[in-house]
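Participant: Sequence first, then the predicted structure:
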Amino acid sequence: MSVFAENVANANGELPSAFVREGGLWAGWYLAAITAGWMRELGQAVYLDPANQDPNDIYQSHAAVEGPKDNKTRSKISSKYEWVIPPLNRYDLPD
């Protein structure tokens, strides 16, 4: 699971909107925030992983979350997230 470390992103001037920008590796994806502490409580390893990226789309804050994500774990993960870049509501009209 790829994630971005907020503290490292802030230190490097990386903005969430850049992570999912048009033409980038994550274009068209959404972005949710969850704490590394919560992921670790769920048995996940969280670590910076800046080298495991598309060479044309590099972020110092790129990190990875490793560990089993069975249905029970995914349910727990999803219980404590906050949208940063949410999906459009299917009832919202585009600008």
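Facilitator: It's in.
Participant: Could I get the full set of helices for the protein?
Facilitator: Ranges of helices in the chain, per DSSP state H, are 6-11, 16-19, 36-41, 71-78.
Participant: any idea which of the ones you listed scores lowest on pLDDT?
Facilitator: Comparing mean pLDDT across the helices of the chain, the weakest is helix 16-19, with a mean of 81.
Participant: Which residues does that one contact?
Facilitator: By Cβ atoms under 8 Å, 6 or more residues apart in numbering, the residues outside helix 16-19 that reach it are F4, A9, G24, W26, L31, Y59, V84, I85. Using the backbone N, CA and C atoms, a C-beta is placed for each residue, glycine as well.
Participant: Filter those residues down to the ones in strands?
Facilitator: When DSSP state E defines the strands, the subset of those inside them is F4, L31, V84, I85.
Participant: Quick one: closest of the helices of the chain to P55.
Facilitator: helix 16-19 (16.1 Å; Cβ to Cβ).
Participant: Show me which positions of the closest one end up buried.
Facilitator: F19 (16 or more other Cβ atoms under 10 Å).
Participant: what separates I85 from I58, distance-wise?
Facilitator: Between I85 and I58 the computed distance is 19 Å (Cβ to Cβ, to the nearest Å).
Participant: Please identify which of these two sits among more neighbours.
Facilitator: Higher neighbour count among I85 and I58: I85, with 14 against 11, using other Cβ atoms under 10 Å.
Participant: Model confidence score at E14, please.
Facilitator: 91.
Participant: from memory it sits against S61, does it?
Facilitator: Yes. Look at E14 against S61 with Cβ atoms under 8 Å: they come within range, at 5.3 Å.
Participant: Overlap of the contact sets of the two?
Facilitator: Joint contacts of E14 and S61 (Cβ under 8 Å, 6+ apart) are F4, V8.
Participant: what's the closest non-adjacent residue to D49?
Facilitator: A64 (4.1 Å; Cβ to Cβ, 6 or more residues apart in numbering).
Participant: I'd say the one you found and M1 touch.
Facilitator: Yes. Taking contacts as Cβ under 8 Å, A64 lies within contact range of M1: 6.8 Å.
Participant: Sounds good, over and out.
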